[in-house]
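Asks: here you go, sequence then predicted model.
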Amino acid sequence: MRSLSSKSAGVILVSVAGVQACIAAPILVNVDAIASGWVQHNGDTNGRDSSTTNFVAGTLASNGLDYSNFFVFDLSGVKGTVVSATLQLQNPSNGFYSWENSTFGRAIDYTYYVTQLGTAGSGITASNLLAAYWSYPYTGIASWSTINNGTPTVLGTTLLDESDNGTVVGISLTAEAITGINELLAAPSSDYLYALGGAIDNTGLQTYAFANTGGGLYSRALALELAPPGALPTPPTVLLLASFASLFGFFKMRARHEAPHRAQ
């Protein structure tokens, strides 16, 4: 039986390598928020002050009011097709607190979810959330309603507890969110402003996260992964098909080569 020739082996290696050469590394882009803040159900907000960035969410004991937070991103510098996105929020060492956990020694995780703001039908645009364009209390109430009322379109969730203090919390955004971002980037008249709102889904007891985030010291960013320009789809099937095609070609060539010898 003849061994695999270097020429034939080269066919296989070149074919597979040719496919792998088309698989470029993804492009990673971090976009910092140009605005962030909190909004209450009565429309009150710190969003009218551009120097305030505190983005607390949850229920505070000091006033008993519920807070949702919001973030605005300028995506004008993003060039390409977004394939994944993660909202990254830095939570201070004392950012999360649960009265129930603290009082009863429980270990309850609380769901923090995000939804898009400034969409059609919400009555506001992403630019309305910038300090210079806040209309009190209308913008605050519209934002709160979009985040909390009815059944909001949830674009990502994560569970929070005391272990998230002093960490950067990552919330992976859904395919629907990715579609919305790409549509925004492709729109010819777009201002490229993308806004997200978030809230903690709790029972009304004192529970909050991202407290003490004022002063611009804590990061709030959108981490985007872009498809490489001109890249081919890269599922494992592509490599397998290339390998099988090369092996098939090799065995077919080998059969032709050995046929005269067998006839003797």
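Replies: Thanks, I have the structure now. Numbering: from 1, shown residues only.
Asks: list the contacts for residue 42?
Replies: 65, 137, 140, 141 (CB atoms under 8 Å, 6 or more residues apart in numbering). (C-beta placed from N, C-alpha, C; glycine too.)
Asks: out of those, which are buried?
Replies: If you count burial by 16 or more other CB atoms under 10 Å, the buried members of the contacts of residue 42 come out as 140, 141.
Asks: mind putting the contacts of residue 42 into JSON lines with distance to residue 190 and secondary structure?
Replies: Output for these, formatted as JSON lines (distance: CB to CB, whole Å; DSSP: H, G, I helix; E, B strand; the rest coil):
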{"residue": "65", "distance to residue 190": "34", "secondary structure": "coil"}
{"residue": "137", "distance to residue 190": "28", "secondary structure": "coil"}
{"residue": "140", "distance to residue 190": "25", "secondary structure": "helix"}
{"residue": "141", "distance to residue 190": "26", "secondary structure": "helix"}
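Asks: now residue 94: how far from residue 191?
Replies: 36 Å (CB to CB, to the nearest Å).
Asks: so between the two, which is more surrounded?
Replies: residue 191 (14 against 10; other CB atoms under 10 Å).
Asks: list the buried residues in stretch 211-224.
Replies: Quick answer for stretch 211-224 (16+ other CB under 10 Å): 211, 213, 214, 218, 220, 221, 222, 223, 224.
Asks: neighbours around the residue nearest to residue 146 when sequence neighbours are not counted, how many?
Replies: Nearest residue to residue 146 in three dimensions, chain neighbours excluded: residue 122, at 4.9 Å (CB to CB, 6 or more residues apart in numbering). Counted with other CB under 10 Å, residues neighbouring residue 122 total 16.
Asks: can you pull the contacts of residue 122?
Replies: Counted by CB under 8 Å, 6+ apart, residue 122 has contacts 142, 145, 146.
Asks: by neighbours, which of those residues wins?
Replies: residue 146 (24 neighbours).
Asks: where's that residue, which helix or strand?
Replies: Taking DSSP states H and E as the definition, one finds residue 146 inside helix 138-148.
Asks: just the CA trace of that helix, in PDB.
Replies: Extracted in PDB, the C-alpha atoms of helix 138-148 (Å, rounded to 0.1, in the frame of the first residue of the first chain):
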ATOM      1  CA  TYR A 138     -42.000  64.600  30.000                       C
ATOM      2  CA  THR A 139     -38.700  63.000  29.000                       C
ATOM      3  CA  GLY A 140     -38.300  61.400  32.400                       C
ATOM      4  CA  ILE A 141     -41.800  59.900  32.500                       C
ATOM      5  CA  ALA A 142     -41.600  58.600  28.900                       C
ATOM      6  CA  SER A 143     -38.200  57.000  29.700                       C
ATOM      7  CA  TRP A 144     -39.500  55.400  32.900                       C
ATOM      8  CA  SER A 145     -42.600  54.100  31.100                       C
ATOM      9  CA  THR A 146     -40.500  52.500  28.300                       C
ATOM     10  CA  ILE A 147     -38.300  50.800  30.800                       C
ATOM     11  CA  ASN A 148     -40.900  49.700  33.400                       C
END
